[in-house]
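Q: The following block contains a protein sequence and its predicted model.
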Amino acid sequence: MCEQSSVYFILASASPRRKELLAEAGYDFEVVVPAVNESGFAREGVGAEQYAERLALAKALSVAERFGDSLVLGADTVADFAGEIIGKPADSKEAEEITLKLFSTPHRVVTGVAIVRLSDGTELCESDSTTVYPRKLTPEQIAEHLKSGSWRGKAGAYAIQENGDEFVERIEGSLTNVMGLPMDLLRRMLSKVPGIEADGDR
């Protein structure tokens, strides 16, 4: 069993995967969905890490403005395909385009993580990167994936924890990063926040 963390924070994310990871690690948190328009953040001319960190920080600040005394955690996950930043597909057509692209060659998954507390000026922002080596999907597998709708709300149009054996041959780096929240990085970042002990999931 995971030891209950002494850290309490607000998760600025609607992602059920991030919520599950934090709950499994024993963190004490609540969820407040941020009001951030992701389409307003340009992807051209920036790296995947910079883009993901900017969005993660924007999400955290969006919620922190309402809860200035609380620690707020924001995160954003994107796929990096040869320098092209790929986020969540808008529809099934885009999901098909993304799937055909990402599952043709290795790609990176990058998650930006931001921790903010306005009352004492705490602002930490870092990112983690994992290289994903995909399996070659058959046309039937791709059609079934698109029909299932499991691509909705997923960066890169897939979720490794749901179809890892089918989609991914191997990874280099953090598995939880591909799932949407790099837990090792989170612990390191929380250890830098004054006045708390980051002892979850150990």
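A: Thanks, I have the structure now. Residues are numbered from 1 along each chain as shown.
Q: contacts and neighbour counts: CA atoms only from here.
A: Fine.
Q: after the lowest-mean-pLDDT helix or strand in the chain, next one along is what?
A: Lowest by mean pLDDT, DSSP states H and E among the helices and strands of the chain is helix 160-167, with a mean of 59. Moving toward the C-terminus from helix 160-167, the next helix or strand (DSSP states H and E) is strand 168-172.
Q: Check which helices and strands that following strand sits against.
A: Contact here means 3 or more C-alpha pairs under 8 Å, 6 or more residues apart in numbering; DSSP states H and E; on that basis strand 168-172 packs against strand 122-134.
Q: Residues touching the strand it packs on, excluding its own?
A: Strand 122-134 is contacted from outside by 49, 52-53, 56-57, 102-117, 167-175, 177-178, 182, 185, 189, 193, using C-alpha atoms under 8 Å, 6 or more residues apart in numbering.
Q: Would you mind giving me the PyMOL syntax to select the buried ones in those residues?
A: The buried residues among those can be selected in PyMOL (16 or more other C-alpha atoms under 10 Å) with this line:
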select buried, resi 49+52+53+56+57+102+103+106+107+108+109+110+111+112+113+114+115+116+117+167+168+171+173+174+175+177+178+182+185+189+193
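Q: Quick check: helices, which of the contacts of strand 122-134 are part of them?
A: 49, 52, 53, 56, 57, 102, 167, 175, 177, 178, 185, 189 (DSSP state H).
Q: Quick one: these as a markdown table, columns for distance to residue 36 too.
A: A markdown table is the format used below for the ones in helices among the contacts of strand 122-134 (distance: C-alpha to C-alpha, whole Å):
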| residue | distance to residue 36 |
| --- | --- |
| 49 | 18 |
| 52 | 13 |
| 53 | 14 |
| 56 | 10 |
| 57 | 10 |
| 102 | 26 |
| 167 | 30 |
| 175 | 26 |
| 177 | 21 |
| 178 | 22 |
| 185 | 23 |
| 189 | 23 |
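Q: Of the residues you listed, just say which sits nearest to residue 11.
A: Proximity of the ones in helices among the contacts of strand 122-134 to residue 11 (C-alpha to C-alpha) peaks at residue 56, which lies at 11.0 Å.
Q: from what I can see the closest one touches residue 112, true?
A: Yes: judged on C-alpha atoms under 8 Å, residue 56 makes contact with residue 112 at a distance of 5.6 Å.
Q: Show me the common contact partners of the two, please.
A: Taking C-alpha under 8 Å, 6+ apart as the contact rule, residue 56 and residue 112 both touch 75, 76, 125.
Q: Do I have it right that the first one meets residue 14?
A: No: under the criterion of C-alpha under 8 Å, residue 75 lies out of contact with residue 14, with a separation of 10.3 Å.
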